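S.K.: I would like to see how this sequence folds:
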Amino acid sequence: FFPSKLFSKAFFCATISSMKTKEIERRFLLKPFNYKKLLQDVDYNVKKLEQFYLPSKKDEALRYRSINNTSFIQTIKKGHGLEREEKEKEVSKKEYLLALEQKEGFIIYKKRVSFQYENHTLELDIFEDYLKGLYILEVEFPSINEANKFHFPSFLQEYLIEEITQKRSFNNKALSLNPFLPAINELKSKPNPQYKATFNFTLHPFINIEHLLKTTFTYLIKVALNNLNAIKEDKSNSENLHQFRVSLRKIRSYLELFAFAFEKKFLILKEQNLQKIFQYTNSLRDLDVFLEEINYYKTLLPNHLQNSFDEIEKEFLLKQQEKSIQTKEFLQSSFVQNELESLIELADEAFNQNAKTIALFYIDKKLQELKNEFFQRAKKLTLKDKAKKFHKLRIFTKKLRYLSEIYALFDEKAKNDLDYFKTIQTILGKHQDGFIQRKTLKNLQANSKELQEAIKFLRKFLKKESKKLKKEFFSTLTPSQDKS
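M.R.: Reported below is the predicted structural model:
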């Protein structure tokens, strides 16, 4: 073995004599897919590649590559983008291993799947190890004119994210220097916050967690502020307070779901502050829900009992007015304003290095974990279980739904999961509301025989509804589950 300094100089000089060629290549970023299934009717070849880089000048790359651990290539590339200068020669395994001692950055491991399409050879690079999840399609051309004429294969169109020929962060040298997958922090469509805490935009699949959360938090806080302004200007109804709370509830769920990407002190502080806001607004929300239900209750009661709730309704309306004034004052406080501002700005210091992870790959894995846990929990429930157990699953389902909602920003196929967990949440939400209403009715002071009779009638009705909702919930699960 040569001393490393002598080796690097001698080896570099030896490369100068290698042949110069022009590499004209277009590169495309793809979503992960099952290549064996997609190419089952196509002849393809698979090679295992291992490659690394030595220090070099800007816009120059000195690369060593092992192909199936049987042949070893040294390549020098100059330039950037569509057309580059390339010098290449075969080296011995011994020379390859000597170069490995002086590598800069990480070793790239990937599988290269080559196949023919029309008159072109397509090379699909499926990256492994720390770059797992990255799929890049490369196509070389004899001329720039041929490159410009190339039409992307229609059978791969649904997996195409975008062309990355000019994106430096996705060239192999840049990938070897970065322990995280490169992010493309662009919005596919511009957010337009209204009053509902439902996302109305799409995101680039290669956005990282930090940018994802900054985008979604900004959107949700703007929705919260829109509803807060309506409350301040006395133009609100109970739905404004509800959407304000939903916005913050989603943020709290995302703080929990992506906890590994945040600094611990930040998480603790945000949880404390958000909990304070929820606690202060809980009672008004409960009053709003009860008053909305009273008119419905009247339609259920026999004719001679329909006026029995008039006094109760007046009492609750007074409580609602009083609580509404207190809540409005709290929502206008500097504490709430400062908290909303801190969440909309989301300083870089709130995040750790994990926030550089590509969001979609983490969400995909996390969503599958949560779905498995959901069905495991659901299987353990029976009709005889109390409301508390169903409520716990409801809270868990909210997290699943909120994560599915983020997933749907990247992939429309995720809307099936989103719709399913919305349905589950609605059923379990009605079940929990019914339980709270039964409890509220039980605690009412009945000053007349008619009111006593009405309360008894409604509590019996709500109990029957509870059983119906449980059965409806179980019917959404797999038929094989025995919930008798």
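S.K.: would you mark the buried spots in the helix ranked longest in the chain?
M.R.: For the chain, the helix that runs over the most residues, judged by DSSP state H, is helix 264-300. For helix 264-300, burial by neighbour count (16 or more other Cβ atoms under 10 Å) applies to 266-267, 270, 273-274, 277, 280-281, 284-285, 287-288, 290, 293, 297-298. Just so you know, the C-beta spots here come from the backbone N, C-alpha and C atoms, and that holds for glycine as well.
S.K.: give me the mean pLDDT for it.
M.R.: Averaged over helix 264-300, pLDDT sits at 90.
S.K.: for residue 204, grab phi and psi.
M.R.: phi -70, psi 130 (degrees, to the nearest 10).
S.K.: my guess is residue 261 meets residue 358, correct?
M.R.: No - contact criterion Cβ atoms under 8 Å: residue 261 and residue 358 do not qualify, at 11.7 Å.
S.K.: so between these two, which is more surrounded?
M.R.: Set side by side, residue 261 and residue 358 show more neighbours around residue 261, with 24 against 21, by other Cβ atoms under 10 Å.
S.K.: okay, the more buried one: pLDDT?
M.R.: 96.
S.K.: next one: it from residue 338, what distance?
M.R.: According to Cβ to Cβ, to the nearest Å, residue 261 stands 23 Å off from residue 338.
S.K.: so, low pLDDT: which residues of this protein?
M.R.: Where the chain drops to pLDDT under 70, the residues are 1-20, 236, 478-484.
S.K.: all helices of it, in order?
M.R.: 4-15, 35-38, 93-100, 144-149, 172-177, 209-232, 238-257, 264-300, 310-331, 334-345, 359-380, 387-407, 415-443, 449-475.
S.K.: these: which one's closest to residue 134?
M.R.: The closest of the helices of the chain to residue 134 is helix 172-177. By Cβ to Cβ, the value is 7.7 Å.
S.K.: show me what counts as buried in the closest one.
M.R.: 172-173, 175-176.
S.K.: go on, stretch 374-392?
M.R.: Those would be 374, 378, 381, 387, 390-391, for stretch 374-392 by 16+ other Cβ under 10 Å.
S.K.: how about the helices of the chain in a markdown table, adding distance to residue 80?
M.R.: Formatted as a markdown table, the helices of the chain follow (distance: least, Cβ to Cβ, whole Å):
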| stretch | distance to residue 80 |
| --- | --- |
| helix 4-15 | 20 |
| helix 35-38 | 28 |
| helix 93-100 | 23 |
| helix 144-149 | 15 |
| helix 172-177 | 10 |
| helix 209-232 | 24 |
| helix 238-257 | 37 |
| helix 264-300 | 38 |
| helix 310-331 | 53 |
| helix 334-345 | 35 |
| helix 359-380 | 27 |
| helix 387-407 | 34 |
| helix 415-443 | 39 |
| helix 449-475 | 57 |
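S.K.: for residue 190, find the nearest of these.
M.R.: Proximity to residue 190 (Cβ to Cβ) singles out helix 209-232 among the helices of the chain, at 10.4 Å.
S.K.: counting contacts, what elements does that closest one pack onto?
M.R.: With contacts taken as 3 or more Cβ pairs under 8 Å, 6 or more residues apart in numbering; DSSP states H and E, helix 209-232 sits against helix 238-257, helix 310-331, helix 334-345, helix 359-380.
S.K.: residue contacts, residue 216?
M.R.: 199, 250, 254, 406 (Cβ atoms under 8 Å, 6 or more residues apart in numbering).
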